[in-house]
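>>> structure for this input, please:
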Amino acid sequence: MRSNNQNNRRYEDIINLPHHVSAKHPSMPAADRAVQFAPFAALNGFGAAITETGRLTDEKAELDEYEKAALNDKLSAIAEQLDEHPTTVITFFQPDKMKSGGAYITVTGTVKKIDEYERRVVLTDGKEISIDDIMDIEVLP
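Next up is the predicted model:
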């Protein structure tokens with residue numbers, strides 16, 4: 001290992017020379033010079049992929065026969081009251097578009113119709129909810 005004194009002697013012939021300034025090329029502005037040392041993303045999209053992988057989703061719970069029967073009774077009662085425009089609170093499972101699982105969503109709205117053939121509840125705001133994804137439904141007074 002060289003001592004600091006030995007390193008200084010190595011460059012003794014050039015250490016006191018003036019800083020070179022090119023006659024052909026203008027000097028680069030300090031801001032542009034600093035950009036050369038800025039961090040860059042070597043793997044484009046990798047950060048987004050890590051974030052997506054770390055995002056948590058819920059698994060869909062399956063209703064038992066009693067819960068399904070109770071839900072069907074509530075839907076039938078709402079179907080009978082459609083002319084009165086009942087305001088309902090619906091909790092349902094919304095599958096995730098990017099990965100397995102999803103999230104439980106609760107919406108409040110007025111039921112426009114219950115389509116038994118397509119198995120969906122249509123709200124007056126146009127939102128459609130699959131009956132198979134509904135976990136709970138409640139009619140507000």
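>>> longest strand in this structure, please.
strand 102-115 (DSSP state E).
>>> helices or strands up against that one?
helix 65-80, strand 87-95, strand 120-123 (3 or more C-beta pairs under 8 Å, 6 or more residues apart in numbering; DSSP states H and E). Where you see a C-beta, it was placed from the backbone N, CA and C, and this is true even at glycine.
>>> now the ones you listed as CSV including mean pLDDT, distance to Glu59 and mean neighbour count?
Output for the helices and strands packed on strand 102-115, formatted as CSV (pLDDT from 0 to 100; distance: least, C-beta to C-beta, whole Å; neighbours: other C-beta atoms under 10 Å):
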stretch, mean pLDDT, distance to Glu59, mean neighbour count
helix 65-80, 94, 16, 13
strand 87-95, 93, 9, 17
strand 120-123, 94, 22, 19
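>>> between those, which gets nearest to Leu17?
Taking C-beta to C-beta as the criterion, Leu17 comes closest to strand 87-95 out of these, the separation being 70.6 Å.
>>> mind checking which of the helices and strands packed on strand 102-115 is nearest Lys24?
Closest to Lys24 of the helices and strands packed on strand 102-115 is strand 87-95 (C-beta to C-beta; 63.5 Å).
>>> for that closest one, name the packing helices and strands.
For strand 87-95, the helices and strands in contact under the criterion 3+ C-beta pairs under 8 Å, 6+ apart are strand 102-115, strand 128-130, strand 134-139.
>>> mean pLDDT added to those, as TSV?
Shown next, in TSV, are these (pLDDT from 0 to 100):
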stretch	mean pLDDT
strand 102-115	92
strand 128-130	95
strand 134-139	94
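>>> domain map for this protein?
Taking automatic domain parsing as the domain assignment, the record places the domains of the chain at 4-54, 65-139.
>>> which ones are touching Tyr108?
For the record, residue 108 is Thr, not Tyr. Applying C-beta atoms under 8 Å, 6 or more residues apart in numbering, we find Thr108 in contact with Thr87, Thr88, Val89, Ile90, Leu140.
>>> and the second one, what does it touch?
For Thr88, the set of contacting residues under the criterion of C-beta under 8 Å, 6+ apart consists of Ile78, Thr108, Gly109, Thr110, Val111, Ile137, Glu138, Val139, Leu140.
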